[in-house]
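[1] Need a 3D model of the sequence below.
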Amino acid sequence: MKFAISTLPFLDYEIDIRLFEQLSQNNIQLVEIFAQKPHCDLTNERHRALIEQLEEQLHIGITSVHLPIYFNRTREASERKKMSLCSPDNNIRISSINEYSRLISAAASLSIPIAVLHTGIEENSDTELNLLIESLAYLDTIAKKNNILIALENHTTRYVSIELLIELIQKLDSDTFGICLDTGHSHIFSNYISDLNEARRYLLSLHLHDNNGEEDEHLFPYEGNIDFDYIIGFLRTSHFQGVATLELNGENIEDTKEGLTIFLKRAALLINGFSNPRLTYQNLLEPT
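    Below you'll find the model as predicted:
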């Protein structure tokens, strides 16, 4: 089992070598890139050149790419246009399929092994599910051609349960698909303990973040009431061989170099604690 950090906290900024230098200085060596324009476009030559040099120059590996949620993430939330693989609006659905296909191919060409995907389900209607299966079947052909896996995430709606994701995977009957279990979303809309047990055989990756069971706050683990000692223990005893990614909220990062340093030191402390079977975050803070 390995641990990474997502670039989600830095989504308001375009990816830059200075961010990755800070990660490297804090001994954070694995990253999930959030491919949300304008933060990152995997078909942008400048962004691609940056990603290609990370391993050689900074010894940073890209474990996965989180495919975008919006066609373009503007500062004004009201102006953002959501992508969807199951929209009844054919223009939105086809545009989403094309964009995801483009990014899956681009990720594979950068040797990124996993693409994390939100389904776009809003209502859980038969129409949505049928359109989604049709769209995913097409993405399956793209992924197989490019030798990349797709991890379906239990995103922020009560309709996208682990049970539904397993049903989709079984209907698609393809080894392209697995699950990215998001602990925070599971805590709000389901039960993360039962979700871990159900998802175990399909688990490709995890998103780790905390909350108090009501809002999707993306807090540091141990800031809410999710039992992360249980989760990490479960993954160890299950011999999970994938990557668990810290997917944190960047709103509380003080907008200074010192603020970023403090944030990354906390993240590095967690990764170190989770990676060491004899340590937890809490006893790293309070040695016994």
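[2] quick one: residue 4 and residue 207, what's the gap?
    From residue 4 over to residue 207 the distance is 10 Å, taken as CB to CB, to the nearest Å. Any C-beta I mention is one placed from the backbone N, CA and C, and that applies to glycine too.
[3] same thing with residue 240?
    Spatial separation of residue 240 from residue 207 under the definition CB to CB is 14 Å.
[4] Next up, the contacts around the nearest residue to residue 5 once chain neighbours are set aside.
    By the measure of CB to CB, 6 or more residues apart in numbering, the closest residue to residue 5 outside its immediate chain neighbours is residue 246, 4.7 Å from it. Counting by CB atoms under 8 Å, 6 or more residues apart in numbering, residue 246 makes contact with 3-6, 208-209, 220-221, 267, 270-271.
[5] List the beta-bridge partners for residue 246.
    When bridges are taken as DSSP bridges, the partners of residue 246 come out as residue 5, residue 208.
[6] Can you tell me the centre-most residue of the chain?
    residue 66 (5.1 Å; CA atoms, centre = their mean).
[7] contacting residues for residue 124?
    The neighbourhood of residue 124, defined by CB under 8 Å, 6+ apart, consists of 159, 164.
[8] Where does it sit: helix, strand or coil?
    Of the three states, residue 124 takes coil under DSSP: H, G, I helix; E, B strand; the rest coil.
[9] separation between it and residue 160?
    For residue 124, the distance to residue 160 - CB to CB - is 8 Å.
[10] repeat for residue 11
    Residue 11 is 21 Å from residue 160, by CB to CB.
[11] Comparing the two, which shows the higher neighbour count?
    Relative neighbour count places residue 160 above the other of residue 11 and residue 160, with 24 against 14, counting by other CB atoms under 10 Å.
[12] and that one, what element?
    Using DSSP states H and E, residue 160 is not contained in any helix or strand.
[13] ok, back up a step: would you mind telling me which of residue 240 and residue 207 has more residues around it?
    Neighbours were tallied for residue 240 and for residue 207 using other CB under 10 Å; the higher tally belongs to residue 207 (26 against 19).
[14] Quick check: residue 247 touching residue 10?
    No. In this structure residue 247 lies outside contact range of residue 10 using CB atoms under 8 Å: 11.9 Å.
[15] For the chain, which residues score under the pLDDT cut-off?
    Low-confidence segments of the chain (pLDDT under 70): 277-288.
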